[in-house]
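1. I would like the atomic coordinates for the input below:
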Amino acid sequence: MKNIFRNLKYRTKIIMLCVFILLINSGIVGKLYYNYASKDTLSNFYQSSEDISNQMNQHMSERFRDITKRVFTLSNNNSFYIPLNIYLSDPNSANYAKLLGIMADTINDLRSMDDYIHSIFVYAADNDFNDFTRIQRHDFSFSESYMYEYFEENPEDTIAWFPGVTSPIFMGNDEVIPVVYKFRLGRENLYIVVSLSQTAMVDYLKDTYSSYDKIFIVDKEGNNIVNFTQEEAEVLSMLGEEDLLEEKSVCKEVDYKGEKYIGTYTVIKANGWQIYKMKSEESLLGNLRSLRTYMMGVIIVSVMISIIASMLFAHSITTPLAQLVTIMDKAINHEFHVQFPYPYEDEVGNLAKSFNYMVKEIDHLITELNINIEALKEEKENVRIVQAGKRKAELKALQAQINPHFLYNTLNAITWQAVDQGASDISVMSNSLGKFFRIALSKGSEIITIGEELEHITSYLAIQEIRYKSKMVYRIEVEDDIRELYIIKLVLQPLVENAIYHGIKLKETPGFIHITVHRLAGKDMGPVIKICVADNGPGIEDEKLNQINNNLKSGIIDRESGYGIYNVNERLRLYYGQAFGLTYESKYGEGTRAVMIIPVQTTREG
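-> The predicted model follows:
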């Protein structure tokens, strides 16, 4: 496919390029505009939907608060309270008949104040009261109802909101939401059941928020209050109180009935009711999709016009090029006397000048080419001589390694001679020194195993132990699986030497050097190896300790504290990175500990 395009005529390529650019530009612009319009539409809807939810929340909260306030005012109204209290004190027929009339008028006044109130029922001292505007069910007994049972199970509550049901108190099929208020009158409990009309709430939602596809309300247990069915149950798991956080409402995309919907969620603080509003993304973005179809038509028309324009444009450009190709074919056949007469100074004119100049200079270029070939032959001979010199240098470098090998081989011979002569100290020292040099060389490798590094420092400590005799003892603790991990060589000896000369040597009593190697999980750096070299010397004063650690961190060399430890720190940071290296810990008068942190390295190459 790639070769087919390259073999097309230049004119065809120009036409295809123009059409392609137009399609790409139109597609990108159209896509960007559509995406911007979609996001802007959704963003505006999100904002307006959250504002509407807050308004709905505020409206319903105020309505419920007003109803509750009127009920509590009723309980404190003397014209209601006194007759009721008289009846409760003396429940005779005269007091009951008087109370019935007062109750009916009071309930009727309260019910007529708010169109959300469907009916009101009062229960006290095994008697119930209403305003006689509705027929009470003969089989209803408040003391046997789930509402009374709720207060028996929750005696501390004074108000309870129940899910929407067909009115359990009055005849008919009206759907209501019972709200029960409990008051204490002397020794008796007074219950006022305010049944809110579902129809009134549905009408309010339909008239005020008709732009939404679905609005439903559930209580905090997920029971129906208004418009809720099992089809909406899946929405409850997608929108919840955890989404609110500090916001009064939240708006986000949800899957509902297999389609994308914009769901808005808020909670009425007064009773824990949850309000859900659903708007189909398809209906919200429908006009934009019509716009997208229109833009596709515009793009198609533009492409047709572009094809015609690009054909005319390509013809005017490619005709001079076709003439140039004909003349260049003659030059291929070694007709270098040809010229391309082109009167204009555009790109084709520049190409014509270059071609004409090329034909004149071609013989000169051939001559220069022959000269360059000879120069390349000479350069090749020089490279051969340099390579030979480099090999001689490598042989000299190899010869330079023979002397250290000869040294520890000679020390090995001294060891066996000392053993034969019974000079055990000399034998141990020469053997340890031989191992010291052998591991130090490590066949030229910079990386050795931790086990080899510990063997190297053990040789060094064995020599120092003979030198200082009973003044120094040491112990090395390391887990077996760590010995096969890798480390740059010769990093422990300077730390041990520093511990001897600045710690053990200054003590009048025997000194102790403790070397530990542990694997740690690490945090940001991953698994690491922690190597500690501790001594029980006189320790370091705080000011000096801070200076040493600051110098180690910044790479400053303090020769008074020992050049070796700074060399070790720099090698660690150069090889492993700036996050790793060496630090010192000390308590003056008790001892010092050098702590080295390196990453876990399982192969010699790292």
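2. low-confidence regions, the stretch 251-400 of the chain specifically.
-> Confidence mapping of the stretch 251-400 of the chain against pLDDT under 70 gives the ranges 286-292, 314, 331, 334, 336-337, 345, 347, 363-364, 366-367, 383-400.
3. err, the stretch 451-600 of the chain, not the other one
-> For the stretch 451-600 of the chain, the ranges with pLDDT under 70 are 559-562.
4. how does the protein divide into domains?
-> Following automatic domain parsing, one finds the domains of the chain at 76-199, 473-599.
5. what's the burial count for the closest residue in space to Ile86 that isn't next to it in sequence?
-> Distance criterion CB to CB, 6 or more residues apart in numbering; nearest residue to Ile86, sequence neighbours excluded, is Asn95 at 5.6 Å. Where C-beta positions appear, they are placed from N, C-alpha and C, glycine not excepted. Residues lying near Asn95 (other CB atoms under 10 Å) number 16.
6. quick check: Asn95 touching Tyr87?
-> Yes - under the criterion of CB atoms under 8 Å, Asn95 makes contact with Tyr87 at 4.4 Å.
7. with just CA atoms, put the helix or strand hosting the residue nearest to Ile86 into CSV.
-> Per DSSP states H and E: Asn95 is located in helix 93-112. Provided in CSV are the C-alpha atoms of helix 93-112 (Å, rounded to 0.1, in the frame of the first residue of the first chain):
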residue,chain,number,x,y,z
SER,A,93,-69.8,11.3,77.7
ALA,A,94,-70.4,15.0,78.1
ASN,A,95,-66.7,15.9,78.0
TYR,A,96,-66.2,13.4,75.1
ALA,A,97,-69.0,15.0,73.1
LYS,A,98,-67.6,18.5,73.7
LEU,A,99,-64.2,17.4,72.7
LEU,A,100,-65.4,15.8,69.5
GLY,A,101,-66.6,19.1,68.2
ILE,A,102,-63.5,21.0,69.3
MET,A,103,-61.2,18.3,67.7
ALA,A,104,-63.1,18.4,64.4
ASP,A,105,-62.9,22.2,64.1
THR,A,106,-59.2,22.2,65.1
ILE,A,107,-58.2,19.4,62.8
ASN,A,108,-60.2,21.0,59.9
ASP,A,109,-58.4,24.3,60.5
LEU,A,110,-55.0,22.7,60.5
ARG,A,111,-55.7,20.5,57.4
SER,A,112,-57.0,23.5,55.4
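8. show the subsequent helix or strand relative to it.
-> Proceeding N to C from helix 93-112, the next assigned helix or strand is strand 117-124, under DSSP H and E.
9. helix or strand for the closest residue in space to Leu545 that isn't next to it in sequence, which one?
-> Distances taken as CB to CB, 6+ apart place Ser586 nearest to Leu545, at 5.2 Å, with adjacent residues excluded. Counting by DSSP H and E, the element that carries Ser586 is strand 581-587.
10. so which bits of that strand are buried?
-> Judged by neighbour count (16 or more other CB atoms under 10 Å), strand 581-587 contains these buried residues: Gly581, Leu582, Tyr584, Ser586.
11. distance to Phe142 added to those residues, as TSV?
-> Putting the buried residues of strand 581-587 into TSV (distance: CB to CB, whole Å) gives the following:
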residue	distance to Phe142
Gly581	81
Leu582	83
Tyr584	83
Ser586	83
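12. can you pick out the most distant pair from these?
-> Considering CB to CB, no two members of the buried residues of strand 581-587 lie farther apart than Gly581 and Ser586, which are separated by 17.1 Å.
13. for Asn550, what are its contacts?
-> By CB atoms under 8 Å, 6 or more residues apart in numbering, the contact set of Asn550 is Ile556.
14. now the residue most central in space within the chain. Its backbone dihedrals?
-> Nearest to the geometric centre of the chain sits Asp524, at 16.0 Å (CA atoms, centre = their mean). For Asp524, the backbone dihedrals (degrees, to the nearest 10) come out as phi -70, psi -30.
15. the one 3 residues further on now?
-> Dihedral angles of Pro527 (phi, psi; degrees, to the nearest 10) stand at phi -60, psi 140.
16. same check, this time on the one 4 residues further on
-> The phi and psi torsions at Ile531 (degrees, to the nearest 10) take the values phi -110, psi 130.
17. same deal with Val533?
-> phi -120, psi 110.
18. contacting residues for Pro599?
-> Taking CB under 8 Å, 6+ apart as the criterion, Pro599 is in contact with Met525, Gly526, Pro527, Val528, Ile529, Tyr576, Phe580.
19. compare the residues you listed and tell me which has the most neighbours.
-> Ile529 (22 neighbours).
20. could you pull out the strands for the stretch 51-200 of the chain?
-> Using DSSP state E, counting those that start in this stretch, the strands found in the stretch 51-200 of the chain span residues 117-124, 127-129, 159-161, 165-166, 175-185, 188-197.
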